[in-house]
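> Model the following, please.
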Amino acid sequence: MPTTPASQRPAPRPRALRSTGWCLAMALVSLPATADTAAVVQDHILPGFTSFAEATQSLADIQTCEPDSLRPAFHAAWDAWMQVAHISLGPAEKDGRGLAVLFWPDAKGSGWKAQRALLESPPAADAMAQQSVAARGLPALERLLYPTEALPSDPCPLIQATADDLAATADGLAQDWGAFGALMQTAGTAGNDRFLTPDEATQALFTQLATGLEMLADRRIGRPLGSFDKPRPDLAEAHASARSLRNITLSLTALRDLALTLDPDSPKTQSAFDHAIALADAIDPQIDGLADPQTWLKWEILQQAVRTTRETAIAELGPALGVELGFNSQDGD
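Presented below is the predicted three-dimensional model:
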């Protein structure tokens, strides 16, 4: 595959600017807050988005378009995203940035349709932000790095523009979580119109946990599971890059961390998560094996375990935190 000389690549954004949000984030440790919410913001969310920003920048900085050279960094970026993919409030809602990172499921194949047009006339990196979210982010890069059909033209310019756009989106998320994290940690104080009480902030995080588990069961597991007579491994997230089960395991691990950071004293929830993760670890990562009845049954058992984990977390953490489930922007999707 042709490569683009380093001299023709766009100049990287100044790292001093990219680190502004991270400095703000680290300064939040001194803010007063309720213990569970503060711990989630400081120990789970802020480090997660910082790691994602760093991983995507490392991907964008690679001076080649060779898939074999890009794929390890691509997987590292997706791994980092799975640590915070369930955090869909605040900065992730702004300008649809969460969807710009991961537009999935794409039932109508709109992402590939848009990309085919962009391959013929690649946009500049800063113009990618104006494109459809379906043509951006991790799934867009996956289609270019793991093509399932011949690409109509040299993908190098679009790979570069997509990677740079992803890094810019991740940087924006990391920066904005500095201010939004401060709002969560100062919930109920004068001037905070976003979270009027500390319980509102805790409820928002508790709802992220429940919604993340629901999406995991219904989409990441449910879509490829299909039915016993008609499994649909082709509908799995990240099917082309063979990381569908990896995403499920990483999501379970990240959601367990969220749950135990919200309430470390939740043994039933921890046990339920550990059981689900053990089931996932025991499944063959080759998702096309779903055609085998025994493998299909393992996936169904895993789905049931994830749903049980959600029910257990709601029953145990809700009363302990003194909150109930609230509205989530993904409800009804």
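
> residue boundaries of the helices in the chain?
15-18, 20-27, 35-39, 46-60, 67-82, 97-101, 110-120, 137-145, 156-185, 198-215, 222-225, 244-262, 267-281, 293-321 (DSSP state H).

> Just put those in CSV and tack on mean neighbour count, mean pLDDT and distance to residue 232.
(Each C-beta comes from the backbone N, C-alpha and C, glycine too.) Converted to CSV, the helices of the chain look like this (neighbours: other Cβ atoms under 10 Å; pLDDT from 0 to 100; distance: least, Cβ to Cβ, whole Å):
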stretch, mean neighbour count, mean pLDDT, distance to residue 232
helix 15-18, 12, 41, 40
helix 20-27, 17, 43, 39
helix 35-39, 19, 83, 39
helix 46-60, 24, 98, 29
helix 67-82, 19, 98, 21
helix 97-101, 23, 97, 22
helix 110-120, 16, 94, 18
helix 137-145, 24, 98, 17
helix 156-185, 24, 96, 27
helix 198-215, 23, 97, 17
helix 222-225, 20, 98, 6
helix 244-262, 22, 98, 11
helix 267-281, 18, 98, 19
helix 293-321, 18, 97, 11
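
> Could you dump those into a markdown table and include distance to residue 235?
Formatted as a markdown table, these follow (distance: least, Cβ to Cβ, whole Å):
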| stretch | distance to residue 235 |
| --- | --- |
| helix 15-18 | 36 |
| helix 20-27 | 35 |
| helix 35-39 | 36 |
| helix 46-60 | 25 |
| helix 67-82 | 18 |
| helix 97-101 | 18 |
| helix 110-120 | 14 |
| helix 137-145 | 13 |
| helix 156-185 | 23 |
| helix 198-215 | 14 |
| helix 222-225 | 4 |
| helix 244-262 | 10 |
| helix 267-281 | 18 |
| helix 293-321 | 13 |
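
> can you tell me which of those helices comes nearest to residue 287?
helix 244-262 (4.6 Å; Cβ to Cβ).

> relative orientation of the closest one and helix 67-82 in degrees?
Helix 244-262 runs at 30 degrees relative to helix 67-82, counting by axes from the mean of the first three to the mean of the last three Cα atoms, to 10 degrees.

> roughly how far out does helix 244-262 sit from the chain middle?
11 Å (Cα atoms, centre = their mean, to the nearest Å).

> Of all the helices of the chain, which one comes closest to residue 129?
helix 156-185 (6.1 Å).

> contacting residues for residue 128?
Each residue near residue 128 by Cβ atoms under 8 Å, 6 or more residues apart in numbering is listed here: 136, 161, 162, 164, 165.

> that older thread, I'd like to know which of the helices of the chain is closest to residue 192.
helix 156-185 (6.0 Å).

> Name the residue closest to the centre of the chain, please.
residue 85 (2.5 Å; Cα atoms, centre = their mean).

> follow-up on the earlier one: which one of the contacts of residue 128 is nearest residue 77?
Closest to residue 77, out of all of the contacts of residue 128 and judged by Cβ to Cβ, is residue 162, at 11.5 Å.

> how much space between that closest one and residue 142?
10 Å (Cβ to Cβ, to the nearest Å).

> and if you look at residue 267?
Taken as Cβ to Cβ, the span from residue 267 to residue 142 is 38 Å.

> again, but for residue 97
18 Å.

> ditto for residue 53
For residue 53, the distance to residue 142 - Cβ to Cβ - is 20 Å.

> One more: residue 277?
Counting by Cβ to Cβ, the gap from residue 277 to residue 142 is 24 Å.

> Pull the most distant pair out of the contacts of residue 128.
136 and 164, at 10.9 Å, using Cβ to Cβ across the contacts of residue 128.

> okay, now the domains of the protein?
21-185, 198-321 (automatic domain parsing).

> Let me know the distance separating residue 114 from residue 281.
Residue 114 is 36 Å from residue 281, by Cβ to Cβ.

> Residue 79 now?
Counting by Cβ to Cβ - residue 79 and residue 281 are separated by 16 Å.

> coming back round to it: which residues are in contact with both of residue 162 and residue 142?
Between them, residue 162 and residue 142 share no contacting residue, judged by Cβ under 8 Å, 6+ apart.

> Quick check: the residue nearest to the centre of the chain touching residue 254?
Yes: assessed by Cβ atoms under 8 Å, residue 85 is found in contact with residue 254 at 7.5 Å.

> I'd like to check which residues are in contact with the residue nearest to the centre of the chain.
102, 212, 251, 254 are the contacts of residue 85 under Cβ under 8 Å, 6+ apart.

> Residue 58 and residue 44: what is the separation?
Residue 58 is 22 Å from residue 44, by Cβ to Cβ.

> Same question for residue 163.
26 Å.

> likewise residue 83?
Applying Cβ to Cβ to residue 83 and residue 44 gives a distance of 8 Å.

> Can you give me every residue that contacts residue 268?
Residue 268 touches 312, 315, 316, counting by Cβ under 8 Å, 6+ apart.

> The first one reaches residue 275, doesn't it?
No: at 9.9 Å, residue 312 does not count as touching residue 275 under the criterion of Cβ under 8 Å.

> Give the full set of residues in contact with the nearest residue to residue 112 once chain neighbours are set aside.
Nearest residue to residue 112, sequence neighbours excluded (Cβ to Cβ, 6 or more residues apart in numbering): residue 143, at 5.9 Å. By Cβ under 8 Å, 6+ apart, the contact list for residue 143 reads 111, 112, 115, 240.
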